[in-house]
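K.L.:
got a predicted structure here, sequence first:
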Amino acid sequence: MNRAEMEQGKKKKVHRYYDYTLLFLTIFLVCFGLVMIYSTSSYNAQRFYGDATKFVMQQAKAAVLGIVGMLVVSKIDYRIYIKPLPIIKIRPIYLLYFLCLGLQLLVMFMGSESGGSIRWIEIGSLRFQPSELSKIAVILFTAFVVQLSPRRLDKIWGFFRAAILVAPLIGLVVIENFSTALIMGVIMVAICFVASKKKAYFIVCGVILVALGCVFVFGVDYRSERIDAWLQIETHPKGYQILQGLYAIASGRIFGKGLGQSMQKLGFIPESHTDMIFSVICEELGLFGAIAVILLFILLLYRLFFIAVNSADLYGGLIATGIMAHIGMQVLLNIAVVTSSIPSTGVPLPFISYGGTSLVVLLLEMGIALSVSNQIKAEA
């Protein structure tokens, strides 16, 4: 190396990376979600509540809270969650894990009902779903357990050990919301799969999980009824919502009817601003708009993949992997349900569907992912 090259090397400065692309993508999806929530809910909100902005304003409040939380969390070193606290010498991840366990038990005994399901806790005017917070707990706790001894994952018993430690939290969620528990299970498996050098035994685990899933589906009347509705969507009473969603998708064609011009949202699709919002996107913005939304999610997942691959340590990489699995699985399930590719299940479209708790938790997850990216060192 000559003198000029040595001087050039000295001039290089190492700085911390921050994924602004992920930040802007997240904020754009949230803003797009607010526009679509107003478009899909304004008619029914005006009709039943006398305020066309009722739902969009509630979601906007959650969005502001979530974005502020995301920015704050993004500047906190993610490794603090697994470091013992100075005085009580307990890792914050343990506190979060047992907090979520306690909240899930509280839902079972004191939860409030909505839509025939008991999944919420109400404290005054505050109403939230503990199962959403449990997703963060599963991501952080599974990543912590795996990074303690990643080589254990090379054998199936190491995977079972990690699964048993996470099982109490997922098990409590199964009782309340099977689809949420399914997503949490996928998050746990995805983190273990990435950390393990041996992949073959995951086939065996997959068979076991599918068998357990069938027990939970066919062992409960209303879940098996959803499969019957899926198989007979045009004649089954429970297939009405999905059928109306398919009408909306078909009527949108290539470029859609135009923003705000949906007909199916006018009482034909129940709660069109929640889980079925993608069908209204297809109707108003057409195939072009639907593909654009899917591409945005693909780009978002790519940024999470980039952070996972380039993270400063294994723990950060596993956290980013868990967040990527969460969002990817939720997008896949929501679009599959709306297009009638799989039986109906209550999974919102991330950042876009109405739901304050879901939005705040997703934004906090993005904050953690940005925190992981902030520890990546880059040369300038």
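P.N.:
Sure thing, it's come through.
K.L.:
excluding chain neighbours, what is closest to Trp232?
P.N.:
Just to correct that, residue 232 is Gln rather than Trp. Excluding the flanking residues, the one nearest Gln232 by Cβ to Cβ, 6 or more residues apart in numbering is Gly239, at 6.6 Å. Placement of C-beta: from N, CA and C, glycine included.
K.L.:
contacting residues for that neighbour?
P.N.:
Contact partners of Gly239, counting by Cβ atoms under 8 Å, 6 or more residues apart in numbering, are 229-230, 232-233.
K.L.:
which one (most neighbours) among these?
P.N.:
Top of the contacts of Gly239 by neighbour number is Ala229, holding 21 neighbours under the definition other Cβ atoms under 10 Å.
K.L.:
so that one sits right up against Lys238, yeah?
P.N.:
Yes - using Cβ atoms under 8 Å, Ala229 makes contact with Lys238 at a distance of 3.7 Å.
K.L.:
quick check: neighbours shared by the two?
P.N.:
Counting by Cβ under 8 Å, 6+ apart, the residues touching both Ala229 and Lys238 are Ser344.
K.L.:
so for the host helix or strand of Ile136, what gets flagged as buried?
P.N.:
Taking DSSP states H and E as the definition, one finds Ile136 inside helix 130-148. By neighbour count on 16 or more other Cβ atoms under 10 Å, the buried set for helix 130-148 is 130-147.
K.L.:
and it, how far from the chain's centre?
P.N.:
13 Å (Cα atoms, centre = their mean, to the nearest Å).
K.L.:
average pLDDT for that helix?
P.N.:
On average, the pLDDT along helix 130-148 is 94.
K.L.:
all helices of the stretch 1-150 of the chain, in order?
P.N.:
Listed in chain order, the helices of the stretch 1-150 of the chain (DSSP state H, counting those that start in this stretch) span 3-11, 20-49, 54-74, 92-110, 130-148.
K.L.:
longest helix in this protein, please.
P.N.:
For the chain, the helix that runs over the most residues, judged by DSSP state H, is helix 277-310.
K.L.:
quick one, the very next helix or strand once past that helix and helix 130-148 angle?
P.N.:
Per DSSP H and E, the first helix or strand lying C-terminal to helix 277-310 is helix 314-338. Calculated by axes from the mean of the first three to the mean of the last three Cα atoms, to 10 degrees, helix 314-338 forms an angle of 140 degrees with helix 130-148.
K.L.:
and the helix or strand following helix 314-338, how far out from the chain's middle?
P.N.:
In the C-terminal direction, the helix or strand that comes right after helix 314-338 (DSSP H and E) is helix 356-373. Per Cα atoms, centre = their mean, the displacement of helix 356-373 from the mean C-alpha position of its chain is 9 Å.
K.L.:
which helices and strands does helix 356-373 pack with?
P.N.:
Applying 3 or more Cβ pairs under 8 Å, 6 or more residues apart in numbering; DSSP states H and E, we find helix 356-373 packed against helix 20-49, helix 54-74, helix 130-148, helix 277-310, helix 314-338.
K.L.:
give me that answer again for 10 Å
P.N.:
helix 20-49, helix 54-74, strand 117-123, strand 126-128, helix 130-148, helix 277-310, helix 314-338 (3 or more Cβ pairs under 10 Å, 6 or more residues apart in numbering; DSSP states H and E).
K.L.:
dump it to PDB, restricted to CA.
P.N.:
Coordinates of each C-alpha in helix 356-373 appear next as PDB, following Å, rounded to 0.1, in the frame of the first residue of the first chain:
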ATOM      1  CA  GLY A 356     -55.300   1.300  17.100                       C
ATOM      2  CA  THR A 357     -53.500  -1.400  19.100                       C
ATOM      3  CA  SER A 358     -52.300  -3.200  16.000                       C
ATOM      4  CA  LEU A 359     -50.900   0.000  14.500                       C
ATOM      5  CA  VAL A 360     -49.100   1.200  17.600                       C
ATOM      6  CA  VAL A 361     -47.500  -2.300  18.100                       C
ATOM      7  CA  LEU A 362     -46.400  -2.500  14.500                       C
ATOM      8  CA  LEU A 363     -44.800   1.000  14.700                       C
ATOM      9  CA  LEU A 364     -43.000   0.100  17.900                       C
ATOM     10  CA  GLU A 365     -41.700  -3.000  16.100                       C
ATOM     11  CA  MET A 366     -40.400  -0.700  13.300                       C
ATOM     12  CA  GLY A 367     -38.800   1.400  16.000                       C
ATOM     13  CA  ILE A 368     -36.900  -1.700  17.300                       C
ATOM     14  CA  ALA A 369     -35.900  -2.600  13.700                       C
ATOM     15  CA  LEU A 370     -34.600   1.000  13.200                       C
ATOM     16  CA  SER A 371     -32.700   0.600  16.500                       C
ATOM     17  CA  VAL A 372     -31.000  -2.500  15.100                       C
ATOM     18  CA  SER A 373     -30.100  -0.600  11.900                       C
END
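K.L.:
average pLDDT for that helix?
P.N.:
Regarding helix 356-373, the rounded mean pLDDT is 96.
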